[in-house]
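Trainee: Have a look at this fold, sequence not included:
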């Protein structure tokens with residue numbers, strides 16, 4: 001039992017990651033950050049490695065946007081340089097494996113249209129202010145892409161409901177948030193912008209993928225991980241120059257019965273052995289709250305736009321802010337286990353992002369507890385895309401790192417990291433060549449054993465990009 005505790009704790013802290021974004025959720029389709037509504041065909045080609053095997057190939061990635069309708073495909077074609085065999089890992093699981101090639105199908109835009117839904121890969125998913133669900137993805141690995149649904153139905157300006165189911169192939173994360181704007185018809189500024197929402201999220205996933213790439217029975221999440229939240233927001237200013245919103249949230253992570261039993265048994269065994277209790281604070285339900293503001297500003301005919309966020313967090317023992325985040329889907333059991341040692345603290349989240357000269361996009365953020373520890377680490381993220389500010393050069397980079405207890409942790413790539421970078425030269429308007437780097441999660445083969453873990457991929461990049469403007473009537 002003691003070795004089991006140590007193994008669980010080691011895996012737990014190895015996978016610690018905060019969330020990719022603020023508890024005041026960022027709308028990935030926000031007008032400040034340029035919702036992509038163009039059609040195009042991307043075909044990156046090159047050589048990459050999976051474990052100790054080298055492959056040559058391409059990914060065929062068309063993106064089609066026809067008004068409110070959009071869909072994207074991602075079809076991998078890779079061949080081993082050793083024996084010429086076709087890499088089939090991404091096509092496994094029969095018809096579901098084929099459906100994974102359909103990245104998404106959507107209708108409408110969340111927060112803008114009365115009806116929005118998206119099928120397939122759910123990325124950057126948030127609910128309300130993001131206190132429970134923020135920047136959640138159901139597919140943290142492109143090899144383990146899942147087919148889920150996200151929707152937002154708003155029949156009128158008085159009320160609506162948003163919801164999600166993460167994986168049609170098995171039991172997954174279900175969430176729903178009805179919301180009302182009860183004073184929307186009043187001619188009173190600020191008051192008529194009030195929105196009140198209530199969120200429920202529940203996960204009863206029965207099987208998980210372990211680090212060896214195999215399915216195993218879940219230990220904690222199969223007994224049910226349930227959470228509840230309430231949020232309240234107002235728009236204080238809404239002009240062409242400035243949009244300022246205030247948000248408050250209260251969230252509750254219900255007690256997981258399997259984790260409670262595990263904590264009790266572990267502490268009792270420690271008492272018998274006469275050693276320190278591994279879960280000194282015990283385990284029960286956790287609560288957290290936050291208040292904050294987000295300001296969006298446009299300057300001088302959109303020469304640059306800025307979004308600034310600041311939030312104060314309060315949370316008790318056995319609570320983790322934005323619990324359903326970017327890494328939750330990798331292994332919910334490990335995230336749930338972290339709750340047992342999570343200590344009540346206060347903290348601050350801040351971020352600053354913007355679009356400059358209608359080309360350069362830069363966003364960065366940091367969440368820091370007042371008292372940083374392994375149980376309550378910090379996280380950092382940034383994204384950069386300079387657009388075509390340098391003629392014929394393509395460059396973009398993304399970096400996310402959690403589990404930070406020291407500054408040096410931010411500089412090391414490990415199981416708590418996600419990173420991508422691309423630098424390429426435009427040989428022709430539709431053709432570019434360069435190098436692509438990824439630090440991501442994938443099935444890798446090491447000494448003949450397949451493992452699902454973080455790995456680096458350096459890939460010579462040849463990109464074929466064909467604008468399909470004729471599909472949009474251009």
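Mentor: Received, thanks. These figures come from a predicted structure and were not determined experimentally. Numbers count the residues shown, from 1 in each chain.

Trainee: right, and residue 372 touches residue 404 too?
Mentor: Yes - because the distance of 7.4 Å satisfies CB atoms under 8 Å, residue 372 is recorded as touching residue 404. Yep, even glycine has a C-beta here, placed from its N, CA and C like the rest.

Trainee: and the gap between the residue nearest in space to the middle of the chain and residue 251?
Mentor: Of all residues in the chain, the one closest to the mean position by CA atoms, centre = their mean is residue 326, 3.0 Å from it. Using CB to CB, to the nearest Å, one obtains 18 Å as the distance from residue 326 to residue 251.

Trainee: With the flanking residues excluded, which residue is spatially nearest to residue 332?
Mentor: Of all residues not flanking residue 332 in the chain, residue 221 sits nearest, at 4.1 Å (CB to CB, 6 or more residues apart in numbering).

Trainee: still on that earlier bit, so for residue 372 and residue 404, which sits in the more crowded spot?
Mentor: Between residue 372 and residue 404, counting by other CB atoms under 10 Å, residue 404 is the more crowded of the two (22 against 15).

Trainee: Excluding chain neighbours, what is closest to that one?
Mentor: Here the residue nearest residue 404, using CB to CB, 6+ apart, is residue 378, at 4.2 Å.

Trainee: how near is that neighbour to residue 401?
Mentor: Look at residue 378 and residue 401: by CB to CB, they are 9 Å apart.

Trainee: Looking at these two, which has the bigger crowd around it?
Mentor: Neighbours around residue 378 and residue 401, counted as other CB under 10 Å, are more numerous at residue 401. The numbers are 24 against 21.

Trainee: Could you check how many residues crowd around the residue nearest to that one when sequence neighbours are not counted?
Mentor: Counting by CB to CB, 6+ apart, residue 401 lies nearest to residue 417, which is 5.0 Å off, once chain neighbours are set aside. Neighbourhood size, residue 417 [other CB under 10 Å]: 18.

Trainee: check contacts around residue 417.
Mentor: Counting by CB atoms under 8 Å, 6 or more residues apart in numbering, residue 417 makes contact with 399-401, 439, 454.

Trainee: pLDDT-wise, what's the bottom of those residues?
Mentor: Across the contacts of residue 417, the smallest pLDDT goes to residue 454, namely 64.

Trainee: quick one: average pLDDT of the longest helix seen in the chain?
Mentor: The single longest helix within the chain, with elements called by DSSP state H, is helix 257-273. Average pLDDT, helix 257-273: 90.

Trainee: Would you confirm that residue 347 contacts residue 313?
Mentor: Yes - under the criterion of CB under 8 Å, residue 347 makes contact with residue 313 at 4.5 Å.

Trainee: joint contacts of the two?
Mentor: Common neighbours of residue 347 and residue 313 are listed as 321, 367, 369 (criterion: CB under 8 Å, 6+ apart).

Trainee: The last one against residue 347, yeah?
Mentor: This means residue 369. Yes - the pair formed by residue 369 and residue 347 meets the contact definition of CB under 8 Å, at 4.0 Å.

Trainee: intersection of neighbour lists for the two?
Mentor: 313, 376.

Trainee: Taking helix 257-273 as reference, get the angle to the helix or strand harbouring residue 334.
Mentor: Counting by DSSP states H and E, the element that carries residue 334 is helix 332-339. Compare the direction of helix 332-339 with that of helix 257-273 by axes from the mean of the first three to the mean of the last three CA atoms, to 10 degrees and you get 50 degrees.
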